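Asks: Sequence plus predicted model, see below.
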Amino acid sequence: MLKKITELFLFFILLIIGVFLAYNKLPIYYHNKGVEFYEQGAYDNAIAELNKAIRINPNLALVHYNLANVYLSKGLEANAIEEYKKVIQIEPENIKAYSRLIQIFINKEMYKEALGWVKRAGTLKLPGKDIDELAKQAAFGFATECLNNGIDNFLKGDKNNAYVLIAEAIKASPGFSYSYYVLATFYYIDNNLDKAEQVLQQVISQDPQYWPSYELLGDIYFKKEDFQKAIGLYKTAIQLNPEDPGLYNNLGLAYMEIEQYQESAIYMQKAFVLDSNNPNILYSLASVNRDSGKIEQAAVIYKKLISLIPDYLNVHNDLGDIYKQQGRNQEALNEYSREIEYCKRKLSNNGNDASLLNSLAYAYAGTGEYSKAEELIKKSIKLMPNYRQAYLTLAHIQELSGNLNEAVNTLNHAKSLAKEHILIDKIIEDLKKNINSSRK
């Protein structure tokens, strides 16, 4: 009897040992076979062997980790994600699983999810340069995503949501200068120039080499008609980015505003050399030639612009003025008529565009239809009471129709809207001479 009890006891001991060995050694056996198949590129066989190991013991983090690697190599990202999550559940501080999981979400452009796992890893204070680098990638990706969505929302008119998205981008990646630049651009478009300037000064402070900040800040001062400051900022931007034709064009326009035509022409010509078919540059170069008295050269460039873009705003008015100055009256009338046709066509879609109304009024004045011209320019002024160019056009209409005193009064009002008014002063001086001459 004792012998049978002893044999039975030994049987149970051997059974327990067998189960223990099966529970521990068999999973290792299947795991090793699975890794061997994985290294041979036999992914399906590897998955089968690793799953055998898991069925015996589902709490082996290494098996789940290598199974996730196989799934990832096979392109089964969803399966890989689940396996890496199981690794972390079993071993909460498994840095390799965190790294692989975060990298998958980054590759899938699921940056918010990636940042969530970065944050979770951060709470555990896991060491490692890999996590730090992935965190930067995820933050940058999320910031870029917010920026793109913010720009789309702004363009669609959902400005409140656009500003919220840009704020999220800045929070996610505070060192990303482009986020601040976009925010400043939004403020600039919304005519909130002081806020735009404040943001750009912050960008320049943290990233002095980021040249777009100087360009946009120059645009702000240009809009404020502080042309000397604009000139300084454009020059700084050019030092940092000497191959951008737009910067030379902007600098030339700023010099043109203060009637330094020689300097203006130098920079306009540099812009033209860099981009000879850019319509904005062509228009600027033609205009500086016209204002400096080189009307024949201006006419050639205006014609080139028209050959590229037949309906570039105001180009027919400018060319019409040159023809009129040259005594080519019928050709001048043809140009004014083309401007009228273009503006009327554009205004049929939006009748409240102040710049189109201004150009149309100028064209009607060129054809001698002064009443129609004055009606249109007054509508433009009503839409934009501080639109200085509209007052210059009104004064031009008043001058052509013989109302010289009214023209002087209008120009004086235009002066109140401008910091630099050398050109306006010259026009007023010429008008007063004409008034005095008519009295004699």
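Replies: Now that the structure is in, tell me what you want to look at.
Asks: any idea how far Val315 is from Leu308?
Replies: Distance, Leu308 to Val315, by CB to CB, to the nearest Å: 10 Å. Where you see a C-beta, it was placed from the backbone N, CA and C, and this is true even at glycine.
Asks: Ok, Arg328 next?
Replies: As defined by CB to CB, Arg328 lies at a distance of 16 Å from Val315.
Asks: what does Ala361 give?
Replies: Distance of Ala361 to Val315, given as CB to CB: 16 Å.
Asks: Settle it for me: which of these two has more neighbours?
Replies: More crowded of Ala361 and Val315, by other CB atoms under 10 Å: Ala361, with 30 against 26.
Asks: And the pLDDT for that one?
Replies: Looking at Ala361, its pLDDT stands at 96.
Asks: and what of the one 3 residues further on?
Replies: According to the per-residue confidence, Tyr364 scores 96 in pLDDT.
Asks: Give me the phi and psi angles of it.
Replies: Torsion angles at Tyr364 (phi, psi; degrees, to the nearest 10) stand at phi -60, psi -40.
Asks: contacting residues for it?
Replies: Listed by CB atoms under 8 Å, 6 or more residues apart in numbering, the contact set of Tyr364 reads 336, 340, 370, 372-373, 376.
Asks: Buried ones only from those, please, as a ChimeraX command.
Replies: Buried residues within the contacts of Tyr364, by 16 or more other CB atoms under 10 Å, are selected in ChimeraX with:
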select :336,340,370,372,373,376
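Asks: can you tell me which of the contacts of Tyr364 are in helices?
Replies: Using DSSP state H, the subset of those located in helices is 336, 340, 370, 372-373, 376.
Asks: number of nearby residues for the nearest residue to Asn69 once chain neighbours are set aside?
Replies: If the residues on either side of it in the chain are set aside, Asn69 comes closest to Tyr38, at 7.1 Å by CB to CB, 6 or more residues apart in numbering. The criterion is other CB under 10 Å. On that basis, Tyr38 has 21 neighbouring residues.
Asks: now Tyr38: how far from Ile47?
Replies: Tyr38 is 9 Å from Ile47, where distance means CB to CB.
Asks: now do Gln137
Replies: From Gln137 to Ile47 the distance is 29 Å (CB to CB).
Asks: Counting neighbours, go ahead and name the busier of those two.
Replies: Of the pair Gln137 and Ile47, Ile47 is the one with more neighbours under other CB under 10 Å, namely 19 against 16.
Asks: Please tell me how far that one sits from Leu62.
Replies: 15 Å.
Asks: Same check on Phe176?
Replies: Using CB to CB, one gets 38 Å for the distance from Phe176 to Leu62.
Asks: Report the secondary structure element holding the residue most central in space within the chain.
Replies: The structure's the chain has its C-alpha centroid closest to Val182; by CA atoms, centre = their mean the separation is 5.7 Å. Secondary structure from DSSP states H and E places Val182 in helix 177-189.
Asks: Could you list the buried residues of that helix?
Replies: Applying 16+ other CB under 10 Å to helix 177-189 flags 177-188 as buried.
Asks: Then stretch 27-43?
Replies: The neighbour-count criterion (16+ other CB under 10 Å) identifies 27, 30-31, 33-35, 37-38, 43 as the buried residues of stretch 27-43.
Asks: Could you dump these into TSV and include pLDDT and secondary structure?
Replies: Below are the buried residues of stretch 27-43 laid out as TSV (pLDDT from 0 to 100; DSSP: H, G, I helix; E, B strand; the rest coil):
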residue	pLDDT	secondary structure
Pro27	79	helix
Tyr30	85	helix
His31	89	helix
Lys33	90	helix
Gly34	84	helix
Val35	89	helix
Phe37	87	helix
Tyr38	90	helix
Tyr43	93	helix
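Asks: ok, so of those, who is nearest Ile381?
Replies: Using CB to CB, Tyr43 comes nearest to Ile381 of the buried residues of stretch 27-43, at 73.8 Å.
Asks: Chain neighbours aside, what residue packs nearest to the closest one?
Replies: Spatial nearest neighbour of Tyr43, chain neighbours left out: Lys74 (4.6 Å); criterion: CB to CB, 6+ apart.
Asks: Local confidence estimate at the one you found?
Replies: We note a pLDDT of 92 for Lys74 in this prediction.
Asks: So what's the residue count around it?
Replies: Close neighbours of Lys74, defined as other CB under 10 Å, add up to 15.
Asks: how near is Phe142 to Val118?
Replies: In terms of CB to CB, Phe142 sits 10 Å off from Val118.
Asks: before we move on, what about Ala61?
Replies: Remark: distance between Ala61 and Val118 (CB to CB) = 20 Å.
Asks: One more: Gln239?
Replies: When Gln239 is compared with Val118 (using CB to CB), they lie 38 Å apart.
Asks: More neighbours: those two, which one.
Replies: Val118 (23 against 11).
Asks: my guess is that one contacts Lys136, does it?
Replies: No. With contacts counted by CB atoms under 8 Å, Val118 stays clear of Lys136, the gap being 9.5 Å.
Asks: What mean pLDDT does stretch 134-151 get?
Replies: Taken as a whole, stretch 134-151 has an average pLDDT of 93.
Asks: Use 828 as the first number from now on
Replies: Sounds good: first residue 828 from here, last item stretch 961-978.
Asks: Report the distance from it to the chain centre.
Replies: Averaging C-alpha positions (CA atoms, centre = their mean, to the nearest Å) puts stretch 961-978 14 Å from its chain's average.
Asks: in that stretch, what's buried?
Replies: Residues 961-962, 964-974, 976-978 are the ones in stretch 961-978 that count as buried (16+ other CB under 10 Å).
Asks: nearest to Lys1173, of the residues you listed?
Replies: Closest to Lys1173, out of all of those and judged by CB to CB, is Ile978, at 25.6 Å.
Asks: helix or strand for the closest residue to Gln1096 other than its chain neighbours, which one?
Replies: Counting by CB to CB, 6+ apart, Gln1096 lies nearest to Leu1112, which is 6.9 Å off, once chain neighbours are set aside. Per DSSP H and E: Leu1112 is located in helix 1106-1118.
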